[in-house]
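# Sequence first, predicted model second:
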Protein chains: 2
Amino acid sequence: MQFKGLAVGVPKEIMHGERRVAAIPETVKKLVDGGARVLVESGAGALAYIEDEEYRRAGAELIRDVEELYAAADIVMKVKEPLFNETKGKHEVEMMHKGQLLVTFIHPAAPPNHQMVKDLAAKGVVSLTLDGIPRISRAQSMDALTSMSTVAGYKGVLMAANRMAKFMPMTGTAVGVIQPATVLVIGTGVAGLQAIATAKRLGAVVYAVDIRPDAVEQAKSLGAKIVETGVPAEVAVGKGGYANHLPEEWLLKEREAIQEAVKKADIIILTALVPGKVAPVLITEEMVKSMKPGSVIIDIAIDQGGNCALTVGGEVKEFYGVSIDGTKNIPGMVPVSSTWMFAHNIYNFVAYLVKDGRVVLDPDDEIIASSLVTRDGKVVHAGALEAMRLIA
Amino acid sequence: MQFKGLAVGVPKEIMHGERRVAAIPETVKKLVDGGARVLVESGAGALAYIEDEEYRRAGAELIRDVEELYAAADIVMKVKEPLFNETKGKHEVEMMHKGQLLVTFIHPAAPPNHQMVKDLAAKGVVSLTLDGIPRISRAQSMDALTSMSTVAGYKGVLMAANRMAKFMPMTGTAVGVIQPATVLVIGTGVAGLQAIATAKRLGAVVYAVDIRPDAVEQAKSLGAKIVETGVPAEVAVGKGGYANHLPEEWLLKEREAIQEAVKKADIIILTALVPGKVAPVLITEEMVKSMKPGSVIIDIAIDQGGNCALTVGGEVKEFYGVSIDGTKNIPGMVPVSSTWMFAHNIYNFVAYLVKDGRVVLDPDDEIIASSLVTRDGKVVHAGALEAMRLIA
């Protein structure tokens, strides 16, 4: 019995607008079948349309007071980083205890989270962040970041298509043919590729940009037309196949290369990220000005600062007739599919960490090493430590 | 010169939320080339992203005061029925004059429009309603109702997909396959067929219902699975191939027949209309209760009363966990494509009415007979007269 003797807690998410939850009845059942007690906060699944009764049938105990849940849990499974709980008048970290294992998206390098991460360490909470899981084959089933990027790419295109003042597909009518919309996807990682696929489904003409030759190949295989940036691979591609932070001269060249495609676009989906860095600004104010009135930009990269100079985080604003969408946490807006993927990912990760009723964290294991945030009263996450040093 | 000596006026639409306009630079140019003076109200195209300057370049005169425009125009081309203009403190009908030709959607049989229609007659305005244009081949290019139904079917599915808490397409992930969403389209006329096509594009499994065998065949040819209603063709099909108003016994049978499909649906698109009648209630409160929480109903039939018993006109409400969307005037939400089609349709209609600089209305012409609303100081529209008698 893998989880024998362990209590797993699943609190209700408290971030504003968050509709996901960290467990579904199917994963609760797996934990219970493995010997765990599973404590789910009442109403935790409500916004993802999962009723308390469904969790109960899967073997969970429903807990009304989340403080009790935090007190009893050996392992806490969450979606979002710990926040101040208005109802309790306490920070979620305050409700945790020494030796407790926390698994969630922590985003430990982001400055607003530094104090919370230090508090986790001070409490003696052992925390692992899901955004630290490396994109290697054996971690695929735990990779919640990839899952959520899939959702963001899909939903971003739907939001844009729904906001746009014209049709996406070519449409034959009695008075002539309506031309298809033109969609430009910048950054063709997981989110970008999903955006391309969704825009193609809807019948748009799709252009794609990436500085990494492999990513370009994948975009091409989905039927996107490629806008060449001219950035050499040795400059563009960094560790693990991710994009590098470009020197200013190359960034200028990239902007120049995409200028014409930006002008022509009805929709631009922005997903260009550089791991651990602020996202590059690829669309300047001048470039927005050059766009057609009524066009739509969805800046999925906003959580890392955004790819458009004018994006306002958490808001949809119009500049020069162009609607620029800085909605944060897009995956939370598709809670049923997001939750389904997330719950499986986090279950697989927790199952990877637990052997014979004990949490075993091998610091030499690449997956654990890169996701571990706090342990033994200390912050151990390299990115977080670097960011904290830079600020201090 | 077909339009020689005629002044054509294009006012800005004043209905709340309306973003369309009755002319685009391309149709303005055709009128001007044909000898007309075209008067466009300043800002008329703004919400469809057409600037005054574009109209001017096409040959239009821009008019700041709409009262001047109404005074000068021989022909007024509009999108929506005349309404009270808050800015002027006057009804649009008050600004019109004897002998003026008005072409727009009038919906003359709808009770809220009866007084306005009588006022048009009293003023001596000659009015034609675009919703009266018959669906015959030679009128296709003028058929704005068909164009707008195309928009409603497309946009209805996009709205639903964007509101839904899960993915539309089947999606392969590292933790398994997300099943495609199930979409049920009720009523497979122009709007319903477009809804089917759009839902298929997005990867949904699509079921369709109609009581008319021809409509069922068309739905099938787009790849929808058919839910049989069992209503015999002789009961179902009325004049012009439109659906009949069903006797209560057959309506009950139809509801029963679709019950299972309703339960399974993630999205229901409602488009079942009976010409000149209130739309049939096909989804009862009980049926909504049977649906999965998180499902979405878009009641495109709301302008004729709606196909769902719980729909609230002009609002999106949740009942039993099901979001029911009663948004009115959906085509106005896709103003660029709608305007493009509408402007061509109304131009073709007006061009059909004008010979050698004169408006010629042959009452024996089927197109004119069925679209004429007021003439020689009288209401002449059969549907409007019948509705007025019923109410008086």
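Structure received. Numbering: from 1, shown residues only, chains lettered A, B, ... in the order given.
# C-alpha only now, for contacts and for neighbours.
Will do.
# how about the helices in the stretch 101-250 of chain A?
A:114-123, A:144-163, A:190-201, A:213-221, A:233-236, A:248-264 (DSSP state H, counting those that start in this stretch).
# Kindly apply the preceding question to the stretch 251-392 of chain A instead.
Residue ranges of the helices in the stretch 251-392 of chain A, as given by DSSP H, counting those that start in this stretch, are A:285-289, A:335-353, A:366-371, A:382-391.
# in what helix or strand does A:Val8 lie?
strand A:7-10 (DSSP states H and E).
# Show me what that strand is packed up against.
Counting contacts by 3 or more Cα pairs under 8 Å, 6 or more residues apart in numbering or on different chains; DSSP states H and E, strand A:7-10 packs against strand A:37-41, helix A:66-72, strand A:75-77.
# Could you say which of these is packed most deeply?
Burial of the helices and strands packed on strand A:7-10 is given as mean neighbour count (mean count of other Cα atoms under 10 Å in any protein chain shown); strand A:37-41 ranks first at a mean of 26.
# partners of that one in the sheet?
strand A:7-10 (parallel), strand A:61-63 (parallel) (DSSP bridges).
# Turn those strands into a markdown table, columns for mean pLDDT.
A markdown table is the format used below for the strands paired with strand A:37-41 (pLDDT from 0 to 100):
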| stretch | mean pLDDT |
| --- | --- |
| strand A:7-10 | 98 |
| strand A:61-63 | 98 |
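# Name all residues that make contact with the residue in the stretch 1-150 of chain A that chain B sits nearest to.
Nearest to chain B in the stretch 1-150 of chain A, going by Cα to the nearest Cα, is A:Ser141, at a distance of 5.2 Å. Contacts of A:Ser141 were listed using Cα atoms under 8 Å, 6 or more residues apart in numbering or on different chains, and they are A:344-345, A:348-349, B:174-175.
# which two from the residues you listed end up farthest apart in space?
Greatest spatial distance among the contacts of A:Ser141 (Cα to Cα): A:Phe349 and B:Ala174, at 12.9 Å.
# More neighbours: those two, which one.
When A:Phe349 and B:Ala174 are compared for neighbours, A:Phe349 comes out ahead with 23 against 17, by other Cα atoms under 10 Å in any protein chain shown.
# That one touches A:Met142, doesn't it?
Yes: the pair A:Phe349 / A:Met142 is scored as a contact, 5.1 Å apart, by Cα atoms under 8 Å.
# For B:Ile267, which of the helices and strands packed on strand A:7-10 is the nearest?
Distance to B:Ile267, taken as Cα to Cα, is lowest for strand A:37-41 among the helices and strands packed on strand A:7-10, at 29.6 Å.
# Give the buried residues for the helix or strand of chain A with the lowest mean pLDDT.
Least confident helix or strand, chain A: helix A:382-391 with a mean of 86, by mean pLDDT, DSSP states H and E. Neighbour counts over helix A:382-391 (16 or more other Cα atoms under 10 Å in any protein chain shown) mark A:382-385, A:387-388 as buried.
# I'd like these as TSV, with distance to A:Leu252 appended.
As requested, the buried residues of helix A:382-391 are exported to TSV (distance: Cα to Cα, whole Å):
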residue	distance to A:Leu252
A:Ala382	30
A:Gly383	27
A:Ala384	30
A:Leu385	31
A:Ala387	26
A:Met388	30
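# hmm, back to that, what sits up against the strand holding A:Val8?
For strand A:7-10, the external contacting residues (Cα under 8 Å, 6+ apart) are A:21-23, A:36-41, A:44, A:69-70, A:72-78.
# CA atoms only for it, dumped as CSV, please.
This file holds the C-alpha atoms of strand A:7-10, laid out as CSV (Å, rounded to 0.1, in the frame of the first residue of the first chain):
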residue,chain,number,x,y,z
ALA,A,7,-3.2,12.0,5.0
VAL,A,8,-3.5,14.0,1.8
GLY,A,9,-5.2,17.3,1.9
VAL,A,10,-6.9,19.1,-1.0
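# and the stretch 1-150 of chain A, which residues reach chain B?
A:48-49, A:140-141, A:147 (Cα under 8 Å from any Cα of the partner chain).
# Relative to A:Gly99, which of these is nearest.
Distances from A:Gly99 to these, taken by Cα to Cα, are shortest for A:Ser141, at 26.0 Å.
# got the helices and strands packed on strand A:7-10 as CSV, with mean pLDDT and distance to B:Ala191 columns?
Putting these into CSV (pLDDT from 0 to 100; distance: least, Cα to Cα, whole Å) gives the following:
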stretch, mean pLDDT, distance to B:Ala191
strand A:37-41, 98, 44
helix A:66-72, 98, 49
strand A:75-77, 98, 45
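# Can you pull the residues of the stretch 251-392 of chain A lying near chain B?
Counting by Cα under 8 Å from any Cα, the stretch 251-392 of chain A sits next to chain B at A:293-294, A:333-338, A:341, A:344-345.
# mind redoing it with 7 Å?
In this structure, the stretch 251-392 of chain A approaches chain B at residues A:293-294, A:333-337, A:341, A:344, judged by Cα under 7 Å from any Cα of the partner chain.
# Who wins on neighbours among those residues?
That'd be A:Met341 among those, by other Cα under 10 Å, with 29 neighbours.
# Can you verify my assumption that it contacts A:Thr146?
No: contact criterion Cα atoms under 7 Å: A:Met341 and A:Thr146 do not qualify, at 9.8 Å.
# so who does A:Ala191 touch?
The contact partners of A:Ala191, taken as Cα atoms under 7 Å, 6 or more residues apart in numbering or on different chains, are A:149-150, A:152-153, A:271.
# Can you list the buried residues in stretch A:157-176?
In stretch A:157-176, the ones that count as buried by 16+ other Cα under 10 Å are A:157-169, A:174-175.
# a markdown table please, covering the strands paired with strand A:37-41 and showing mean neighbour count and distance to A:Leu246.
A markdown table is the format used below for these (neighbours: other Cα atoms under 10 Å in any protein chain shown; distance: least, Cα to Cα, whole Å):
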| stretch | mean neighbour count | distance to A:Leu246 |
| --- | --- | --- |
| strand A:7-10 | 26 | 41 |
| strand A:61-63 | 19 | 50 |
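# For A:Ala121, find the nearest of those strands.
Using Cα to Cα, those put strand A:7-10 closest to A:Ala121, at 19.5 Å.
# before we move on, the earlier item: so which of the buried residues of stretch A:157-176 also contact chain B?
A:158-159, A:162, A:165-167, A:174-175.
# domains of chain A?
Domain segmentation of chain A under automatic domain parsing yields A:7-142+A:335-391, A:153-328.
# Out of these, which gets nearest to B:Val354?
Nearest to B:Val354, of the domains of chain A and by Cα to Cα, is domain A:153-328 at 19.1 Å.
# quick one: that closest one to chain centroid distance?
17 Å (Cα atoms, centre = their mean, to the nearest Å).
# distance between the ends of that domain?
The first residue of domain A:153-328 is 13 Å away from its last residue (Cα to Cα, to the nearest Å).
# now swap in stretch A:3-16 and tell me
End-to-end span of stretch A:3-16 (Cα to Cα): 32 Å.
# Kindly report the same for stretch A:50-62.
Using Cα to Cα, the end-to-end distance of stretch A:50-62 comes to 13 Å.
# Give the full set of residues in contact with A:Thr271.
Shown in contact with A:Thr271 (Cα under 7 Å, 6+ apart): A:186-187, A:191-192, A:299-301.
# For the residues you listed, which entry has the maximal number of neighbours?
Highest count within those by other Cα under 10 Å belongs to A:Gly192, 31 neighbours.
# give the contact list for that residue.
Shown in contact with A:Gly192 (Cα under 7 Å, 6+ apart): A:153, A:185-186, A:271.
# Likewise for A:Lys29?
Applying Cα under 7 Å, 6+ apart to A:Lys29 gives the contacts A:58-59.
# Now with 6 Å, please.
A:Ala58 (Cα atoms under 6 Å, 6 or more residues apart in numbering or on different chains).
# What are the contacting residues of stretch A:336-349?
A:20-23, A:48, A:141-144, B:165-166.
# hang on, the earlier thing: now the element after the strand holding A:Val8, going C-ward?
Assigned by DSSP H and E, the successor of strand A:7-10 is helix A:25-33.
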